[in-house]
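1. compute the structure for the input listed below.
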Amino acid sequence: MNARSLPPKGRPWLVRITWPVTHHLITNLTVFLWWIFFRFFNRTTVIGKKNVPHRPNVLLLSNHQSMIDSFPIGLFAFFPHSIWRPSLLPWNPAAEENFFRNRFLAWLADNWKCIPIRKGRRDVGAIFTMAEALRTSPMILFPEGTRSRSGEIGRPRGGAGLLILETHPTVIPVCIDGMNRVLPIGKVLPRPFQRVFIYYGQPMDLSHYYSREKSKEVAQEIVEAVMERIREMQQEIRRRRAQERPLLFWKKPRSVTTGQSDKPA
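-> Below you'll find the predicted structure:
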């Protein structure tokens, strides 16, 4: 692997030299602050955390509800182990127009291990960069390619499927629910006192696709299969929500990590 081709490529030499240290410090500090936010200022339930392997070439595919989805997904999957195992800090493909629109944001995004993706254009080079990055650390990816305004799951794009065909990773379906209320589209500051679920499913066996030709059609079939599983997980969360008693007043929020496995994918 040629590490020079990974972010922060194209940055000043001082940024590239200090990046191994700064990305570890800045990302873990950011994650710790989000841990406080989700642990003490929201009521967060985490399901299936033990389904996530702590190793490279692990791809977490999730539905997409807010600009900050990557933080709680990575946080509850890998923190605090990422403090002493920096390779567990996941890569995050991110929209270039949102996270790289000025030098300061680009510097932060580089340190958060974001890979710039050009929205609305076929970015073949990004797929190869993502494949190379995935072999070094886990990665979080949103196949829908855009945030949901309603919280419902939209139709996925095939890019994640091409990445899977290229790298044969361990694929973990992830369903988040409630993040569209924490940070709705158009808002800047996250809202506290929300009900949030993060559900990590069991690894999906996609090996039967690997003997087929690498094509857009096969890639689309793969992401459709993963998103169908995520829709099932969302329905499980919604049923659980419906059984909960409404909160008539705010009480100390809780974060429950069950560690249980969900039903086989």
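2. pLDDT weak spots in this protein?
-> 1-7, 120-123, 246-265 (pLDDT under 70).
3. residue ranges for the strands of it, please.
-> Under the criterion DSSP state E, the chain contains strands at 43-47, 58-62, 92-95, 114-117, 139-141, 170-177, 195-200, 255-257.
4. these two touch, right, residue 118 and residue 96?
-> Yes: contact criterion CB atoms under 8 Å: residue 118 and residue 96 qualify, at 5.3 Å. Glycine gets a C-beta too; all of them are placed from N, C-alpha and C.
5. comparing those two, which shows the higher neighbour count?
-> Counted by other CB atoms under 10 Å, residue 118 and residue 96 do not tie: residue 96 has more neighbours, with 19 against 13.
6. how about that one, nearest residue that isn't a chain neighbour?
-> residue 116 (4.1 Å; CB to CB, 6 or more residues apart in numbering).
7. rewinding a little: okay if I get the strands of the chain as TSV plus distance to residue 101 and mean neighbour count?
-> Shown next, in TSV, are those (distance: least, CB to CB, whole Å; neighbours: other CB atoms under 10 Å):
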stretch	distance to residue 101	mean neighbour count
strand 43-47	30	22
strand 58-62	24	25
strand 92-95	10	22
strand 114-117	10	23
strand 139-141	21	26
strand 170-177	25	24
strand 195-200	27	22
strand 255-257	33	13
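8. so the residue nearest to residue 96 is in contact with residue 100, correct?
-> Yes: using CB under 8 Å, residue 116 is in contact with residue 100, at 5.1 Å.
9. which residues of this protein fall in helices?
-> Here the chain has its helices, by DSSP state H, at 13-40, 70-78, 81-84, 96-99, 103-111, 124-134, 159-167, 179-182, 216-243.
10. got a list of what residue 19 touches?
-> 8, 11, 110-111 (CB atoms under 8 Å, 6 or more residues apart in numbering).
11. ok, it to residue 201 distance?
-> Using CB to CB, to the nearest Å, residue 19 is found at 32 Å from residue 201.
12. do the same with residue 60
-> Relative to residue 201, and taking CB to CB, residue 60 is found at 10 Å.
13. I'd say residue 154 and residue 142 touch.
-> No: with contact defined as CB under 8 Å, residue 154 does not count as touching residue 142 (10.2 Å).
14. higher neighbour count, those two?
-> Shown here are residue 154 and residue 142; by other CB under 10 Å, residue 142 has more neighbours (25 against 16).
15. ok, now which ones touch the more buried one?
-> 61-64, 69.
16. same check on residue 95?
-> Shown in contact with residue 95 (CB under 8 Å, 6+ apart): 116-117, 119.
17. my guess is residue 47 meets residue 199, correct?
-> Yes: counting by CB under 8 Å, residue 199 is a contact partner of residue 47 at 4.4 Å.
18. contact partners for residue 169?
-> 57-59, 134, 139, 163 are the contacts of residue 169 under CB under 8 Å, 6+ apart.
19. identify the farthest-apart pair in the residues you listed.
-> Largest separation among the contacts of residue 169 by CB to CB: 58 and 163, giving 12.5 Å.
20. for the residue nearest to the spatial centre of the chain, give its distance to residue 39.
-> By CA atoms, centre = their mean, the chain has its centre lying nearest to residue 140, at 3.3 Å. Per CB to CB, residue 140 is found 20 Å from residue 39.
21. got it, and residue 16?
-> For residue 16, the distance to residue 39 - CB to CB - is 34 Å.
22. what do you get for residue 33?
-> Counting by CB to CB - residue 33 and residue 39 are separated by 11 Å.
23. joint contacts of these two?
-> Joint contacts of residue 33 and residue 39 (CB under 8 Å, 6+ apart) do not exist.
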